[in-house]
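J.: okay, structure incoming, though there's no sequence with it:
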């Protein structure tokens, strides 16, 4: 069973609207959680990284939250743009094995004009 | 500066043939990773190189898969006697060290016919 589960699998939103993506994980002991954006045909690009003590982090219109107690994270996209159309991947690493990342399957976001 | 580059970008091969995929990491990055991304699935860890340490090969799916790295530069991932289930995008990433941010290449799309 995958240690990182994301929902929804895909979503469609209108340009200018907001959306929130969810991530649940079972990786333990927890080290950090990252959100990546992957455009079609490209490699993933980091958006945010949060450690145990952080519960929110922003990168422009992207805001990630982390609840390490419930092992949940969310990524909120504000005022979506057409360029936000991509796959958003939640990635978690465990202590003592920081380099070995566990990837969610991603949420595909499509922004329509 | 230059990012992680991979070649070829696309490779179509016949079942049973051997293939070699190449990764050029960011200069100065001591850590290098290979991942496999099957359609609709999350990235799977394959192998990790860190400086002159023995690589972590725990993610390689079978003995048909092998990888080498020359010092702290180029890496090649070799798949022998390819099977149709090997069809996937193979992504390479590099980082300053095992804990630091991983920067991904664009990937090589392998299709085994």
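T.: That came through fine. This structure is a prediction, so every number in the text was calculated from the model and none was measured.

J.: pLDDT below threshold where in chain B?
T.: Applying pLDDT under 70 to chain B flags residues B:1.

J.: ok and the residue in it nearest chain A?
T.: Across chain B, the shortest distance to chain A (C-beta to the nearest C-beta) belongs to residue B:104, at 3.0 Å. Every C-beta, even on glycine, is put in place using the N, C-alpha and C of the backbone.

J.: beta partners for that residue?
T.: Counting by DSSP bridges, residue B:104 forms beta bridges with residue B:93.

J.: look up how far residue A:77 lies from it.
T.: Here the criterion is C-beta to C-beta, to the nearest Å. By it, residue B:104 lies 21 Å from residue A:77.

J.: how about residue A:104?
T.: Residue A:104 is 16 Å from residue A:77, where distance means C-beta to C-beta.

J.: more neighbours: which of these two?
T.: Using other C-beta atoms under 10 Å in any protein chain shown, the more surrounded residue of residue A:104 and residue A:77 is residue A:104, with 28 against 22.

J.: so what's the residue count around whichever residue of chain A sits closest to chain B?
T.: With C-beta to the nearest C-beta, the shortest gap between chain A and chain B falls at residue A:43, namely 3.0 Å. Other residues near residue A:43 number 23, with proximity taken as other C-beta under 10 Å.

J.: equivalent analysis for the one 3 residues further on, please.
T.: Other residues within reach of residue A:46, judged by other C-beta under 10 Å, total 15.

J.: try residue A:10
T.: Neighbour tally, residue A:10, other C-beta under 10 Å: 10.

J.: nearest residue to it other than its sequence neighbours?
T.: Excluding its sequence neighbours, the residue lying closest to residue A:10 (C-beta to C-beta, 6 or more residues apart in numbering or on different chains) is residue A:108, at 4.1 Å.

J.: does that neighbour sit in a helix, a strand or a coil?
T.: Three-state call for residue A:108 (DSSP: H, G, I helix; E, B strand; the rest coil): strand.

J.: surely it meets residue A:9?
T.: Yes: counting by C-beta atoms under 8 Å, residue A:9 is a contact partner of residue A:108 at 7.1 Å.
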